[in-house]
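Engineer: Quick check, what structure comes out for this input:
(2 chains)
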Amino acid sequence: MKILIIEDEAGLREVIQQSLEKEKYIVETAHDFISGLDKLGSYDYDCVLIDIMLPNGNGLDLLAEIKKQRKQEAIIIISAKDAVDDKVKGLDLGADDYLSKPFHLAELHARIKSAIRRKSHNGDNLVVWKNLTLSPEQRSVIVNDENLVLNRKEFDLLYYFVINPNRLISKTALAEYVWGDHTDQADNLDFVYSQIKNLRKKLKDANAEIDIQAVYGIGYKMS
Amino acid sequence: MKLQNYTLRYLAITLLVVIPIWAGLFYVLILDEVYDNIDDDLKNSKIIIIRQAFADEKLLNTPEFGINKFTIKPLPKGDYSSKDEFSSSSEFMEYDDDDEPIRTLTTVFNDKNGNPHELIIKASIVEEDELLEDLAVALLGLYVMLVISILVVNHFLLKRIWKSFHAILGNLKNFKLGTGIKPKPIKSPIDEFNTLAKEVEEMLQRNEVIYSSQKQFIENASHELQTPLAISINKLELFAENNTLPEEQMIEIGKIADTLNRLVRLNKSLLMLSKIENQQYAEEELVNFNELIQQLADDFSDLAAYKEISITVTENASLHFSMNKGLATALINNLLKNAVTHNHQGGSITFLIDENSFTISNSGANLPLNPEVIFNRFYRHTNTNESTGLGLAIVKSIANTYSISIAYSFNNSHQFKIIFPKK
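Structural biologist: Next comes the predicted model:
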């Protein structure tokens, strides 16, 4: 899987690259509009991350260029502009997702995986982890050929873990993904703990081969 | 009072004063001219009569007026002034069966023998009272016609002229920053209105430019802040993942991450406040508050359950209001967050939805809050670092945008009543 990061901020480019390389992606980077356009013209990628504000050009124009060349890349816009206009424009131009800065790395991985999965029309839209099979479309979980009934939040939690295996997921990232923007208070994130306890119990009862460990002070890691 | 009625009122009053003054002046001037004319005529008659008397001595003996309009009487010898004397009097006139005003000229002349004679010539003049009467009737007619014509002109002409002014007013009323809607072009026969329309349009355009550059600035500023924040958080996440640090150090890293996340929320809240105040949430739709409150109450249920707080929603009516959906969500969200944060273990939150309002009440500290300050930015009732101190400021700002009023009251529980303006 090849990913191109078009981002002018060296620090952010580096950290995204390192994080993605840990996931065994082949990562290439471009630091401005022209080098981005150059790379897009020369190679094919599975997924392209585009920052909107770029030196000597706008990321949205780059997006329009990709669409003009009828390329099949999954495209995710990453922008510090949390402007509704840009989001709508980007998605209208054919972007697969829009992620506003700052984001959690776990969230970025989840978005990339979903975008690539939606692009590859091979019918295999299922996420598999050992004896667990998740269908994001059906929102169903099968453990050892048996259906496991989870509520909406439990499913979201499990999906986030399965799509980010062996990664450290901060409780903030988890809470933002599952409960949205409502969890403003850091101290209150302890409530995530009780939800995970419930999920763990259900998974254990179903004999799922999954281990969700708490990383004290930060969050969780699934393996 | 409308401009056209206003001017009409003053015009009518002014005319009521001006016309009699003018009539008085006119009357005096006309009468003066008439007397002048008659006197000239009398003087002319005098010359003719004296010339005749010199030619025909019989004329010297005309003691009675008779069919003549003059009398000549001999005077005893003496020294007389030959000055003409005019006087006005009245005399019975058979035709009118009434006394009519006359003008008389009295003078003395010497015949060719040097004997003095008194000559009196009379002429009838205008009847002043009748003249006054006629003048009054004519002027009343003039006044009525003037007022009627002003009314008609006001009604039709002014209405047409002011049409372009009302169009300018309409443009101003419908103008909303950030929507990019151009004011309707205005073509008026009046230069002043064309200038006004042009100036207004230019002013609106200047505002649009300032507004969009301000919007640009906020977005750029956010970009500058969000990117370093993103780098810090992501580097820290990667660092925590890559290292097998002892537990105490992981806890410290967790604390740094929490602080950074707080900074992110603070920045996002400030950004949202600026955006609301810049009216950058332009799209509106009819929001069903019953559904929205139920949905958000459900979203908060886990958080509330953890603190053993019960959330109940009572629907007395269905509440709909046209506003930005995101802002409606933020409004309830921040109120709910506030109610959860300032609640105690085992407390309660209740929503009460009425036709034009909803009330959220929560248990908490057993002391009323000061409604003067709770909506201020960064005001914190408790010394907690859990909240950004911007939640209620956002609520207030959203409310102001849509003329929604918020009433706080304390009645064993803290109550915020959100009252929507009637359509």
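Engineer: Domain map for chain A?
Structural biologist: Residue ranges for each domain of chain A read A:2-119, A:127-222, as given by automatic domain parsing.
Engineer: Show me what the helix or strand hosting B:A23 is packed up against.
Structural biologist: According to DSSP states H and E, B:A23 maps onto helix B:3-55. Packed against helix B:3-55 by the contact rule (3 or more C-beta pairs under 8 Å, 6 or more residues apart in numbering or on different chains; DSSP states H and E) you find strand B:70-74, strand B:98-110, strand B:116-124, helix B:128-153, helix B:159-174. Yep, even glycine has a C-beta here, placed from its N, CA and C like the rest.
Engineer: SS state for B:V287?
Structural biologist: Three-state assignment for B:V287 (DSSP: H, G, I helix; E, B strand; the rest coil): strand.
Engineer: about what we covered before: turn the helices and strands packed on helix B:3-55 into a markdown table, including mean neighbour count.
Structural biologist: Output for the helices and strands packed on helix B:3-55, formatted as a markdown table (neighbours: other C-beta atoms under 10 Å in any protein chain shown):
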| stretch | mean neighbour count |
| --- | --- |
| strand B:70-74 | 17 |
| strand B:98-110 | 16 |
| strand B:116-124 | 18 |
| helix B:128-153 | 12 |
| helix B:159-174 | 14 |
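Engineer: Go through those and name the closest to A:V141.
Structural biologist: Checking the helices and strands packed on helix B:3-55 against A:V141 by C-beta to C-beta gives helix B:159-174 as the closest, at 53.7 Å.
Engineer: nearest to B:I49, of the domains of chain A?
Structural biologist: Short answer: domain A:2-119, nearest of those by C-beta to C-beta, at 106.5 Å.
Engineer: give me every residue that touches B:F410.
Structural biologist: Shown in contact with B:F410 (C-beta atoms under 8 Å, 6 or more residues apart in numbering or on different chains): B:367-369.
Engineer: Next, give phi and psi for the residue nearest to A:A208 when sequence neighbours are not counted.
Structural biologist: Closest residue in space to A:A208, ignoring its immediate chain neighbours: A:V143 at 4.7 Å, by C-beta to C-beta, 6 or more residues apart in numbering or on different chains. With angles defined as degrees, to the nearest 10, A:V143 sits at phi -120, psi 120.
Engineer: same question, A:A208
Structural biologist: Torsion angles, degrees, to the nearest 10, at A:A208: phi -80, psi 140.
Engineer: Next, work out how far apart it and chain B are.
Structural biologist: For A:A208, the distance to chain B equals 22 Å [C-beta to the nearest C-beta, to the nearest Å].
Engineer: Which pLDDT value belongs to that residue?
Structural biologist: With respect to pLDDT, A:A208 scores 89.
Engineer: Relative to A:W129, how far out is it?
Structural biologist: For A:A208, the distance to A:W129 equals 9 Å [C-beta to C-beta, to the nearest Å].
Engineer: can you map out the strands along chain A?
Structural biologist: A:2-6, A:26-30, A:47-51, A:53-54, A:57-58, A:74-79, A:97-100, A:127-129, A:132-135, A:140-143, A:146-148, A:168-170, A:212-215, A:219-222 (DSSP state E).
Engineer: Out of these, flag the one nearest B:N194.
Structural biologist: strand A:57-58 (39.8 Å).
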